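Peer 1: Provided below for reference: sequence and predicted model.
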Amino acid sequence: MLEVGCTNLKELERWVSRMPPDALFRGQRHHFVKDSKANIQASFTRHGCVPPLTFKWSHYVREVICLLSGCKPEEVSIEFGQALLQHYGWRSQYVDVTSHFPVAAWFGSHAFKDNIIVSLSEDCYEQAMLLRQQQAGYSFGDGDGHLYVFDRTALEKNNVGVFDLAILEPKDFTARYSKQRALLVGPLRTTLPPETIHAHLVCPSAVLSEAAELAGFYKTEDLFPSREEDTILDALLRVPWTCLSDRDGLAAFARGLALPEYDWRHEKIFPPQNAFFRPFWIADNRGGEQLPFWNATFVRVPEEMLYPPPRPADVRLKKVCAFLRAKRSVAIEANGIIGFPEFPHDCRYGKGVFVSLVDEETAEICSIMVEHPGMQLVRSGITMPWTYRLSHDFTWIRVAGPQDCPCNNDQRHLHNFWIVATLEHMLSSGEFVQRTALEFDWRPASGTM
């Protein structure tokens, strides 16, 4: 690794001009060393993995990618999913780099700062609530900054992949990764191999900041577009809020996805399409006998059940088949609600799936939906179904049914099937507790799915 010290802009530009033409750059405020070598780690290594939150982040990121690109969830690469996780506030096995030297210079001269803001706001019914948010930004840092230059050939020799986010270049909005001309290197088990670093440049922050300003990067907003500009950010900020406490008539909430908000602003009254979820169970208030929930067997599951990974169509559902034939109709209800990025101004959310037996060889799967503007549950119900034939080997084969949903959104119905397939795994674990004749709770010994 070449070690270089630069004292002014001309020296910095001269050294950068000598780097490989396809070099990648990374700017940091501090230089970390382990065993006398540069130590650059992925965020998973630094902060660890929290599976339930990772499932949730991954689901919404996958949904946004599918919405923007038109691809199917199973076609979303791990790299691109983790790229958006990384760029919008979660963790990944990758390290951020850029193809544009001034971007790295800006990060090398500016320090990240954040602050937890607790504010008093109102929902669309003007009902008061407390909100906990992470206000974030960057400020100029004194002293020296650090610029790392990576050689693509060395990365390839060390089996470190390079993933260019430009493959999903937005046409109608400005994405954060586009502004930063971002790429990812990885995946990494621990640290980036030191031999992949071609050069380490140490420069006064003022010099790096000057280089960034020549490219038009003066402030945080120049590299972190606002929610009005960035459709991806806006979609992630619309995820239903999570209740932290609900006492003495004043509920407190945090964002469903804990995003650092570089464009934070106080909102006095939120519009109805912002849901502030306070835990409730449809199983506790099923409605009248004319509703499908009345005689259904409810299975209460944790929120992460709403975020299943894609499952193969030929998965065998032996336990589910037996359970359904015994109960006739089953409502898999989660302790949470899920939003749909394709309907940003809607107040309807998913809360699970409803599975019913038409006859011994045929079943229907519907979404359990709730209308939930602000903090209020207005109504609940089920959507029109997809129909399946239950084969002798316990696979479920999609067939046309007389009541099938005409929405033409296969993804929504496939997602419902994946939830049912996840129930198979949960039933196999044998960790359900029967509350009543028509209610079961999942009580895992391990505490995870």
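Peer 2: That came through, no problem.

Peer 1: For this structure, just list every one of the helices.
Peer 2: Here the chain has its helices, by DSSP state H, at 9-17, 43-47, 51-69, 78-88, 101-109, 152-157, 176-179, 205-214, 231-237, 318-327, 410-429.

Peer 1: quick one: which of those helices is nearest Tyr138?
Peer 2: Within the helices of the chain, the stretch nearest Tyr138 is helix 101-109; the backing value is 7.9 Å (C-beta to C-beta). The C-beta positions use only the backbone N, C-alpha and C, and glycine is treated the same way.

Peer 1: helices and strands around that closest one, which ones?
Peer 2: Contacts defined by 3 or more C-beta pairs under 8 Å, 6 or more residues apart in numbering; DSSP states H and E place helix 101-109 against strand 24-28, strand 144-150, helix 205-214.

Peer 1: and these as a markdown table, adding mean neighbour count and mean pLDDT?
Peer 2: Listed next are the helices and strands packed on helix 101-109 as a markdown table, based on neighbours: other C-beta atoms under 10 Å; pLDDT from 0 to 100:
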| stretch | mean neighbour count | mean pLDDT |
| --- | --- | --- |
| strand 24-28 | 23 | 97 |
| strand 144-150 | 24 | 97 |
| helix 205-214 | 20 | 97 |
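
Peer 1: Using a markdown table, please lay out the ones you listed together with distance to Asp123.
Peer 2: Below are those laid out as a markdown table (distance: least, C-beta to C-beta, whole Å):
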| stretch | distance to Asp123 |
| --- | --- |
| strand 24-28 | 41 |
| strand 144-150 | 43 |
| helix 205-214 | 41 |
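
Peer 1: Among the ones you listed, single out whichever gets nearest to Ala199.
Peer 2: Ala199 sits nearest to strand 144-150 of all the helices and strands packed on helix 101-109, at 4.2 Å, using C-beta to C-beta.

Peer 1: what's that closest one packed up against?
Peer 2: strand 24-28, helix 101-109, strand 197-204, helix 205-214.

Peer 1: so which of those gets nearest Glu75?
Peer 2: Closest among those, once you apply C-beta to C-beta, is strand 24-28, at 26.2 Å.

Peer 1: export the closest one as PDB, just CAs?
Peer 2: Output in PDB follows, covering the C-alpha atoms of strand 24-28 (Å, rounded to 0.1, in the frame of the first residue of the first chain):
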ATOM      1  CA  LEU A  24     -12.300   3.300  -6.500                       C
ATOM      2  CA  PHE A  25     -12.200   5.700  -3.600                       C
ATOM      3  CA  ARG A  26     -13.300   5.900   0.000                       C
ATOM      4  CA  GLY A  27     -13.000   8.800   2.400                       C
ATOM      5  CA  GLN A  28     -12.900   8.500   6.200                       C
END
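
Peer 1: quick one, it and helix 9-17 angle?
Peer 2: If you take axes from the mean of the first three to the mean of the last three C-alpha atoms, to 10 degrees, strand 24-28 sits at 140 degrees to helix 9-17.

Peer 1: Show me how far strand 24-28 is from its chain's centre.
Peer 2: Taking C-alpha atoms, centre = their mean, to the nearest Å, one finds strand 24-28 lying 25 Å from the centre of the chain it belongs to.

Peer 1: One more: stretch 238-249?
Peer 2: Taking mean C-alpha positions (C-alpha atoms, centre = their mean), stretch 238-249 and its chain are 19 Å apart.

Peer 1: Stretch 300-313 too?
Peer 2: Taking mean C-alpha positions (C-alpha atoms, centre = their mean), stretch 300-313 and its chain are 14 Å apart.

Peer 1: What of stretch 380-399?
Peer 2: On the basis of C-alpha atoms, centre = their mean, stretch 380-399 sits 28 Å off its chain's mean C-alpha point.

Peer 1: Strands along the stretch 151-300 of the chain, start to end?
Peer 2: Assignment of strands within the stretch 151-300 of the chain using DSSP state E, counting those that start in this stretch yields the ranges 161-164, 182-186, 197-204, 241-247, 250-254, 260-261, 276-277, 297-301.

Peer 1: Next, format those as a markdown table and append mean pLDDT.
Peer 2: A markdown table is the format used below for these (pLDDT from 0 to 100):
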| stretch | mean pLDDT |
| --- | --- |
| strand 161-164 | 88 |
| strand 182-186 | 90 |
| strand 197-204 | 96 |
| strand 241-247 | 96 |
| strand 250-254 | 97 |
| strand 260-261 | 95 |
| strand 276-277 | 98 |
| strand 297-301 | 96 |
